[in-house]
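1. Structure for the following, please:
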Amino acid sequence: QVQLVESGGGLVQAGGSLRLSCAASGRTFRTYGMGWFRQAPGKEREFVATIRWSGGSTYYGDSVKGRFTISGDNAKKMVYLQMNSLKPEDTAVYYCVAGSTWTPSGRYDYWGQGTQVTVSS
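-> Numbers count the residues shown, from 1 in each chain. From the prediction side, this is the model:
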């Protein structure tokens, strides 16, 4: 099993920035990629960003491209999401994910509990 713990969520005004962190522990050798999804109330879960540990390739959802940056430390099994130019529509619960995949459409085996991000207008 792999455990994921997110931190860094909170309340921010539109145009502001937040940085999310996620720490993985347990059988992390099973993870080839880590990243983030989000879900707003009444909406479907949405892909945000992922990073592939081998080579460091990154992938972003269209709605966050140019504003969010994912980075990570494979040795420490940490992943970060720097969120800039935040908009009210970015308000959601953000979930850290990990698994044997790294693509937007991949099935991620492990999910964190989620951290709330609220952007006020």
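
2. tell me the contacts of the spatially most central residue of the chain?
-> For the chain, residue 36 is the residue whose C-alpha lies nearest the centre (C-alpha atoms, centre = their mean; 2.2 Å). Residues in contact with residue 36 (C-beta atoms under 8 Å, 6 or more residues apart in numbering) are 20, 22, 48-50, 70, 79, 81, 94-97. Yep, even glycine has a C-beta here, placed from its N, CA and C like the rest.

3. from those residues, which is closest to residue 30?
-> residue 97 (12.9 Å; C-beta to C-beta).

4. Secondary structure class of residue 102, three-state.
-> coil (DSSP: H, G, I helix; E, B strand; the rest coil).

5. wouldn't it be in contact with residue 49 here?
-> No: with contacts counted by C-beta atoms under 8 Å, residue 102 stays clear of residue 49, the gap being 10.4 Å.

6. which neighbours do those two share?
-> Counting by C-beta under 8 Å, 6+ apart, the contacts common to residue 102 and residue 49 are 35, 59.
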